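*Asks:* Predicted model and sequence below, questions to follow.
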Amino acid sequence: MKIPNNIFFILIALLIIINCTHYVTKEGFNALEWFDMGQEAYTNNNIQGAINAFSRAIEIDPKYEEAYFSRGMAYDASHAYSEAIADYSEVIKVFPDFIESYTHRGDDYYHLGNYSQSILDYNKAIDLDPEYSPAYFLRGIAYKGLGKYSQAIADYNKFIRQKPDNIYAYVGRGEAYVKLGNQKEAIADYDKAIQLNSEYAIAYYGRGQAYNIFGKHDQAIEDWKTAARLGLQEAQDVLRNQNIIW
């Protein structure tokens, strides 16, 4: 029996609706609804709940790239770096020009101690957008991890030109200068970080370390005392080992 045209078109419309909602699970939720639940869970810091919800969305629609990216971020938050790498890689297969997938994946490689691979991802992000400042900052950290301090400083320089008030970049560059034995530049960077935030204990601790390396022990102790009073455990341990009260 021939199906009437109006019924045929209704059936086609229903199939399109089902496809657009990414199908429905036995719980009655489609992929988009699971994704939204994952986003809500992530916002509320329910990381495992977010991972579970994004996973359900992906089970329903294995090509749901936004769910892979969001699950990757949730894996990052739970320090499941290998799983995050797999999700960002899935996104990159489909969207090879999506910069944030490279920087996130680079971070994960860095956390796993694979600094060279992280640099390759940051390189790709910079190739896609030479003005993308986070990639320079992150690549600087990775270069520092490899002991390539001159390259690290060059990347921090590029980042600081775009973000001149970022205290973390000055501290990172200061650490690199210390490794190269550049006393003046190292102290100047820690000074700048402290100028930007006088409560940033790590900057005092770092400057103390620099002073100590360069033979200025009295100044080092004063900086460690300040860092200790601000609550930094590393500074407290250094002083405690020298029987110095802060």
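*Replies:* Sure thing, it's come through.
*Asks:* after the worst-scoring helix or strand of the chain on mean pLDDT, next one along is what?
*Replies:* For the chain, counting by mean pLDDT, DSSP states H and E, helix 5-20 ranks last in confidence among helices and strands (a mean of 36). Sequence-wise, the next helix or strand beyond helix 5-20 is helix 31-43, with elements assigned using DSSP states H and E.
*Asks:* What residues sit buried inside that following helix?
*Replies:* Buried positions in helix 31-43, judged by neighbour count with 16 or more other Cβ atoms under 10 Å: 31, 32, 33, 34, 35, 37, 38, 39, 41, 42. Any C-beta I mention is one placed from the backbone N, CA and C, and that applies to glycine too.
*Asks:* ok, the fourth one to residue 69 distance?
*Replies:* The span separating residue 34 from residue 69 equals 15 Å under the rule Cβ to Cβ, to the nearest Å.
*Asks:* Now do stretch 134-143: everything it contacts.
*Replies:* 99, 102-103, 106-107, 110, 115, 118-119, 122-123, 125-126, 129, 149, 151-156, 158-159, 163, 166, 168-169, 172-173, 176 (Cβ atoms under 8 Å, 6 or more residues apart in numbering).
*Asks:* try it again with 6 Å
*Replies:* Residues external to stretch 134-143 that are found in contact with it (Cβ atoms under 6 Å, 6 or more residues apart in numbering): 103, 110, 115, 118-119, 122, 125-126, 151-152, 155-156, 158-159.
*Asks:* closest to residue 233 among those?
*Replies:* The closest of the contacts of stretch 134-143 to residue 233 turns out to be residue 110 (Cβ to Cβ; 23.3 Å).
*Asks:* Could you pull up the residues touching residue 159?
*Replies:* Under the criterion of Cβ under 6 Å, 6+ apart, the contact partners of residue 159 comprise 133, 136, 137, 169.
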